[in-house]
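[1] need a structure here:
(one chain, ligands or ions: 1)
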Amino acid sequence: MQLSKARIQEHNQPLLASHQLRLNLLSEELSERGVAVRDLIQRLVDFQVAIPSWALGTGGTRFGRYAGVGEPQSLEQKIEDVGLLHALNRSSGAISLHIPWDIPENAAHIKALMQEHDLAFDAMNSNTFQDQRDQQHSYKFGSLSHTDAAVRKQAVEHNLEVIRYGEELGSKALTVWLADGSSFPGQRNFRTVLQNTYESLREIYAALPADWKVFVEYKPFEPYFYSTVIQDWGTSFLLANKLGDKAYTLVDLGHHLPNANIEQIVATLLMEGKLGGFHFNDSKYADDDLTVGSIKPYQLYLIFLELVHGMDDPQTNNPPISYMIDASHNLKDPLEDLLQSVEAIQLAYAQALLVDKQALEAARADNDVVGAQEILQNAFRTDVRPLVREAFRQAGGALDPLGLYRKLDVRRQLYDERGVGIATGL
Ligand SMILES: [Mn+2]
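    I've put the predicted structure just below:
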């Protein structure tokens, strides 16, 4: 289904007066605090976060999966779903594909469909964490790090194939998340598997087109429970540095051990110009795939503060970051969750933009601990929802994307069109 601009305007109309009232009040207060409100809203309008193709269907737990309804059955339908989200919030104008789940049969047709929905392709994702049908070698004991050179070669070739698909579609980056690891002490030689991984990545890196980047994702555990080959940002950064200028670290919020200081990791990577990709989600215990901002909104805000201040700093030489939501839900309607996720990201971004950088630096210079904390908390405790709604509206989206989605009973319409059926992917 497609959502027309007229339908969105019609939805906004009755909400406009009360929205304007709230926006005016907040704008007045923020202007007094020295915030350039119009510029801030423009930055929210410009912010785009990619939607991964695997977030459009319900995910499972390791114990099972309850199928949703109206899930996309093809790449075309996945693009339509992201098009729908983007029409609603005008902030999710990119899709991140996964090979082999989303192999484009006809690249020209897919590109035309993308254009129709005003969408771009974000990073391509390879998959060496499960065996595909007709695959010669198994990844049960690893892929890029495997002890057997034939398995490593197969995994490298898969990544090269993903790059070729991405080139056809106009993507500019490859994300490598490596599930390789071990579940028992002694199972692997740590040095050998890391060296193997580096050499495999070097072959992939050598095949990257000149204007492409490769993002190396890290994760401390899971699917294996004793070690993973690329366990933390330091290992990813080490590999990215050894590979060269086109290789970057990718930070996934869920891929840290409890209480890790992720904002500090972000700051360090920005200092080195090596933060390439960023995956949003939230977690209580581990990689829980929960909705970004649902558990730790203050952490999300602190991370955005580092992103904003780091990227705005003329001393920082970091390329634009590829932002993506990386979560998959087994309880929620996936599209409703993605609308909540994008809004949570925009809210944290808006709060970070409120912080008076000069005042904060002055407090830091004076070692005014209380003053610095007040500056941060004052911004976080501001209700910035009118700013985010205004950004959605100015960009041509709905003032209340989730409200309109529910009012139109989109899931029911998708069910009527597509019926029951599990989305391709996880
Ligand atoms: Mn991820």
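[2] Now for residue 247: which residues touch it?
    Applying CB atoms under 8 Å, 6 or more residues apart in numbering, we find residue 247 in contact with 201, 205, 213, 214, 215, 216, 239, 240, 241, 276. For the C-beta atoms, the positions are set from N, CA and C on the backbone; glycine is no exception.
[3] dump the residue contacts of the first one.
    Applying CB under 8 Å, 6+ apart to residue 201 gives the contacts 144, 176, 214, 216, 239, 243, 247.
[4] pretty sure the third one contacts residue 176?
    Yes. In this structure residue 214 lies within contact range of residue 176 using CB atoms under 8 Å: 6.4 Å.
[5] overlap in contacts of these two?
    The overlap between the contact sets of residue 214 and residue 176 (CB under 8 Å, 6+ apart) consists of 201, 204.
[6] do you know how far residue 356 is from residue 43?
    Per CB to CB, to the nearest Å, residue 356 is found 16 Å from residue 43.
[7] Flag every residue of the chain that's near the ion.
    By CB under 5 Å from the ion, the residues of the chain that approach the ion are 252, 279, 326.
[8] Check the secondary structure at the second one for me.
    I take that to be residue 279. Three-state assignment for residue 279 (DSSP: H, G, I helix; E, B strand; the rest coil): strand.
[9] That one: neighbour count?
    24 (other CB atoms under 10 Å).
[10] Return the backbone torsion pair for residue 317.
    phi -120, psi 70 (degrees, to the nearest 10).
[11] hang on, it packs against residue 271?
    No. With contacts counted by CB under 8 Å, residue 317 stays clear of residue 271, the gap being 9.5 Å.
[12] of these two, who's got more company?
    Legend: neighbour count by other CB under 10 Å for residue 317 and residue 271, higher for residue 271 (15 against 11).
[13] From residue 372, how far out is the residue of the chain positioned farthest from its centre?
    The centre of the chain is farthest from one residue, residue 366, which by CA atoms, centre = their mean lies 36.7 Å away. Per CB to CB, residue 366 is found 9 Å from residue 372.
[14] dump the residue contacts of the residue most central in space within the chain.
    For the chain, the residue sitting closest to the mean C-alpha position, by CA atoms, centre = their mean, is residue 324 at 1.7 Å. Shown in contact with residue 324 (CB under 8 Å, 6+ apart): 49, 50, 51, 52, 96, 122, 123, 277, 278, 279, 280.
[15] Please name the nearest non-neighbouring residue to the first one.
    Counting by CB to CB, 6 or more residues apart in numbering, residue 49 lies nearest to residue 323, which is 4.5 Å off, once chain neighbours are set aside.
[16] wait, the one you found sits on residue 48?
    Yes. Residue 323 is within contact range of residue 48, at 7.3 Å (criterion: CB under 8 Å).
[17] Redo the residues of the chain next to the ion as CSV? Include pLDDT.
    As requested, the residues of the chain next to the ion are exported to CSV (pLDDT from 0 to 100):
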residue, pLDDT
252, 98
279, 98
326, 97
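[18] May I have the phi/psi pair for residue 237?
    phi -60, psi -40.
[19] Nearest spatial neighbour of it, chain-adjacent residues omitted?
    With sequence-adjacent residues excluded and distances taken as CB to CB, 6+ apart, residue 237 is closest to residue 249, at 5.1 Å.
[20] Now do the helices in the stretch 51-200 of the chain.
    Secondary structure of the stretch 51-200 of the chain by DSSP state H, counting those that start in this stretch: the helices cover 75-89, 107-116, 149-169, 190-206.
[21] ranking the ones you listed by burial, who's on top?
    helix 75-89 (a mean of 23; mean count of other CB atoms under 10 Å).
[22] and that one, what other elements does it pack with?
    On a contact count with 3 or more CB pairs under 8 Å, 6 or more residues apart in numbering; DSSP states H and E, helix 75-89 meets strand 94-96, helix 107-116, helix 334-354, helix 401-407, helix 410-418.
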